[in-house]
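In: Got a predicted model here, sequence first, then my questions.
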Amino acid sequence: MSGPSHHERRLSFGAAASQYDRFRPTYSREAVRWLSEGAAREVREVADIGAGTGALTRVLIERGLAVTAIDPDENMLDQLLAGTPRAVGVVGRAEALPLAEGSVDAITVGQAWHWFEPEAAAREFTRVLRPGGVIGLLWNDRDDREPWLAQLRTIVEGEDWVRHTKTDALAQIGAVLPGVELNRFAHVVAMSPEAVVGLVGTFSFVRLRDDADEICAAVGELLRAHPDTRGKATIEVPYLTTVYRAPRP
């Protein structure tokens with residue numbers, strides 16, 4: 001069965017904003033710290049591009065930063081602001097940012113760079129970033145060296161699962177953001193079995209398929225049967241937060 005197109009997936013998130021906010025994991029605090037240390041200036045004002053419902057925005061605000069969250073989907077921003085009132089939410093696209101030139105110290109992108117047109121987004125990021133600032137692209141990758149996650153992958157495998165473990169990712173990003181550096185940070189997210197199934201239901205390459213309910217049911221059966229997850233009220237889900245940072249000279 002063929003899956004949904006890239007275009008269909010890119011436009012699909014607002015319809016599942018509440019589920020996205022409830023089930024998507026947070027980011028490694030150490031990863032965000034390392035990202036900030038790539039700046040040659042004090043980081044105070046940040047633009048979080050493709051912010052979605054605010055998983056990364058909230059980590060930035062916890063660090064005491066002033067965050068403008070930008071997303072093209074009003075439904076996602078409404079969900080973000082309902083749970084993160086200290087953020088400023090603005091509707092906009094990465095390729096045409098509604099920000100003044102040299103207006104922020106850092107730009108972050110959590111789990112969204114692959115939805116952008118890279119060259120146009122990189123130009124806009126450079127335009128609004130102050131000299132000495134830093135651009136950070138982050139992805140939460142499920143660490144499927146864990147046996148039950150390896151089996152889960154075989155059930156729900158889709159394009160996003162391995163997108164940013166490819167060996168050419170650094171070169172592709174470096175082509176439009178010179179000087180990019182790569183680092184990875186392990187962290188664990190505690191989830192109930194129901195939340196793991198809910199998380200799978202937010203994957204665009206699952207949610208838009210005709211057999212999405214069957215896929216989610218198969219994940220639930222895996223969690224009930226696998227010796228590492230069977231009978232557990234809380235499951236520790238291992239992640240690797242992959243970070244690409246590109247400082248502006």
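Out: Sure, I can see it. Every value quoted in this text rests on a predicted model; they were computed, and no experiment measured them.

In: What average pLDDT does the helix or strand containing residue 121 get?
Out: Using DSSP states H and E, residue 121 falls within helix 118-128. Average pLDDT, helix 118-128: 96.

In: Check which helices and strands it is in contact with.
Out: strand 45-49, strand 104-110 (3 or more C-beta pairs under 8 Å, 6 or more residues apart in numbering; DSSP states H and E). (Glycine included, C-beta is placed from N, CA and C.)

In: Other residues contacting the next helix or strand after the shortest one?
Out: It stands for strand 45-49. Counting by DSSP H and E, the next helix or strand C-terminal to strand 45-49 is helix 55-62. Helix 55-62 is contacted from outside by 21, 24-27, 29, 32, 46, 48, 51, 67, 69, 80, 83-84, 86-87, 108, 110-111, 138, using C-beta atoms under 8 Å, 6 or more residues apart in numbering.

In: Distance from helix 55-62 to the middle of the chain?
Out: Taking the mean of its C-alpha atoms, helix 55-62 sits 12 Å from the chain's own mean (C-alpha atoms, centre = their mean, to the nearest Å).

In: remind me which residues of the protein are low pLDDT?
Out: When residues are selected by pLDDT under 70, those of the chain lie in 1-16, 20, 158-168.

In: Look through it and tell me its longest helix.
Out: helix 212-225 (DSSP state H).

In: Now do the one residue sitting closest to the centre of the chain against residue 30, distance only.
Out: By C-alpha atoms, centre = their mean, the chain has its centre lying nearest to residue 111, at 2.3 Å. Plainly put, residue 111 is 17 Å away from residue 30 if you go by C-beta to C-beta, to the nearest Å.

In: Then residue 138?
Out: 12 Å.

In: neighbour count winner among the two?
Out: Counting neighbours by other C-beta atoms under 10 Å for residue 138 and for residue 30 shows that residue 138 has the greater number, 25 against 14.

In: what about that one, which SS state?
Out: Under the three-state scheme (DSSP: H, G, I helix; E, B strand; the rest coil), residue 138 adopts strand.

In: That one is in contact with residue 239, isn't it?
Out: No: between residue 138 and residue 239 there is no contact under C-beta atoms under 8 Å: 11.1 Å.

In: between these two, what contacts are shared?
Out: Counting by C-beta under 8 Å, 6+ apart, nothing touches both residue 138 and residue 239.

In: quick one, strands of the protein?
Out: Here the chain has its strands, by DSSP state E, at 45-49, 66-71, 88-91, 104-110, 129-142, 181-191, 235-247.

In: For the helices and strands packed on helix 118-128, give me CSV that also has distance to residue 95 and mean neighbour count.
Out: What follows is the helices and strands packed on helix 118-128, written out as CSV (distance: least, C-beta to C-beta, whole Å; neighbours: other C-beta atoms under 10 Å):
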stretch, distance to residue 95, mean neighbour count
strand 45-49, 10, 27
strand 104-110, 13, 26
